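*Asks:* got a sequence here, can you build the structure:
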Amino acid sequence: MELRHLECFLAVADELNFTRAAGRLHIVQSAVSAAIRSLEHDLGATLFERDSKRVALTDAGAALLPEARATLAAAQAARDAVGEVRGGLRGTVDVGTMTSVGILDMPALFGEFHVRHPAVTIRLRAAPSGSAGLAQALLEGRLDIAFLSLPGRPPAGLTVRELATVPLVAVLPAGHRLAAARDVRLADLVDEPFIDSPLGYGNRAIVDRELAATGLQRHVAIEVTDISTAAAYVGHGLGVALMPGFAVRRDPRVRVVPVEEGTLRWSLGVATAAARRPSAAVKALIALADGHVHTDPG
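*Replies:* Below is the predicted model of the structure:
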């Protein structure tokens, strides 16, 4: 059993597509297929059910998955140990992020990281399923690190370090009855249609949790995966929004009003799986993150 065979297995297991797995590994598809056949021969078991329409893990493949991740993580840790002695980090870091996270200057963060550690490859993946999806990907070993927003205590199995926390603000149409108010309460807005993120996103979870605690209900009329676009919908009179102030783009059609409830706060954290020791490259990336957080929307 070779490490490269396990790398091919994990790529196919994550993508459930041989073509995409080959693209992710920067090799031809025939090489991926050959590696899987060799691995299946070594193990004496079929790892994938495949036909012209779908690829799926067999029971044997599902059993191998966590062990393959652990084996490759151990191999990377060995490379890190040698790399640190030689004075340079190598390898690949799979990074997950929310669709929109303007509070963190990721291009600048990754740019500085690349200058310091040019032999490390960063693979960045945005999560269409929000922070909940990122957390699950960390627990399953599909990501090494994620920048996410999880209200309350971190889920079991994750280690989360907070990078920033900011209050949510109410975003109202310019002609709204409360547009000139000093502040608003959540109860003042619950009868309005809301623009918000889908379930699983940190912004949505914060508001839903507060509503559940107070016994209030609301109607989410429009769900947007990129929270920075919510204000545009508000500006066209389609509803109101509660969102972190840094995500509100300048727009004369909307007004930003503070929210009285101090518990409505959005936080950005950097998370890793508690069961796996972060690689030296992951530790180096985390160490640089604080310097690229900007809470000032201007």
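*Asks:* what's the pLDDT at Gly298?
*Replies:* Gly298 carries a pLDDT value of 46.
*Asks:* kindly report the same for Gly87.
*Replies:* Confidence score, pLDDT, at Gly87: 61.
*Asks:* over to Arg142?
*Replies:* 84.
*Asks:* was I right about it contacting Ala68?
*Replies:* No - contact criterion Cβ atoms under 8 Å: Arg142 and Ala68 do not qualify, at 11.9 Å. Quick note: C-beta positions are derived from backbone N, CA and C, even for glycine.
*Asks:* looking only at neighbour counts, state which of the two leads.
*Replies:* More crowded of Arg142 and Ala68, by other Cβ atoms under 10 Å: Ala68, with 22 against 18.
*Asks:* excluding its backbone neighbours, what's nearest that one?
*Replies:* Leu6 (4.6 Å; Cβ to Cβ, 6 or more residues apart in numbering).
*Asks:* so the one you found, which state does it fall into?
*Replies:* helix (DSSP: H, G, I helix; E, B strand; the rest coil).
*Asks:* Met243: what secondary structure?
*Replies:* Using three-state DSSP, the structure places Met243 in strand.
*Asks:* Ala230 is in contact with that one, correct?
*Replies:* Yes - contact criterion Cβ under 8 Å: Met243 and Ala230 qualify, at 5.7 Å.
*Asks:* now do the residue lying closest to Asp183 once chain neighbours are set aside, the pLDDT please.
*Replies:* With Cβ to Cβ, 6+ apart as the criterion, Asp183 has its nearest non-adjacent residue at 4.4 Å, and that residue is Pro258. Pro258 is assigned 93 on the pLDDT scale.
*Asks:* buried residues, the helix or strand where Pro258 lies. List them.
*Replies:* Assigning secondary structure by DSSP states H and E places Pro258 in strand 254-258. Buried residues in strand 254-258, defined by neighbour count with 16 or more other Cβ atoms under 10 Å: 254-257.
*Asks:* show me which of those residues is closest to His117.
*Replies:* Taking Cβ to Cβ as the measure, His117 sits nearest to Val256 out of the buried residues of strand 254-258, at 39.2 Å.
*Asks:* list the beta-bridge partners for that closest one.
*Replies:* Val171 (DSSP bridges).
*Asks:* cool, thanks, signing off.
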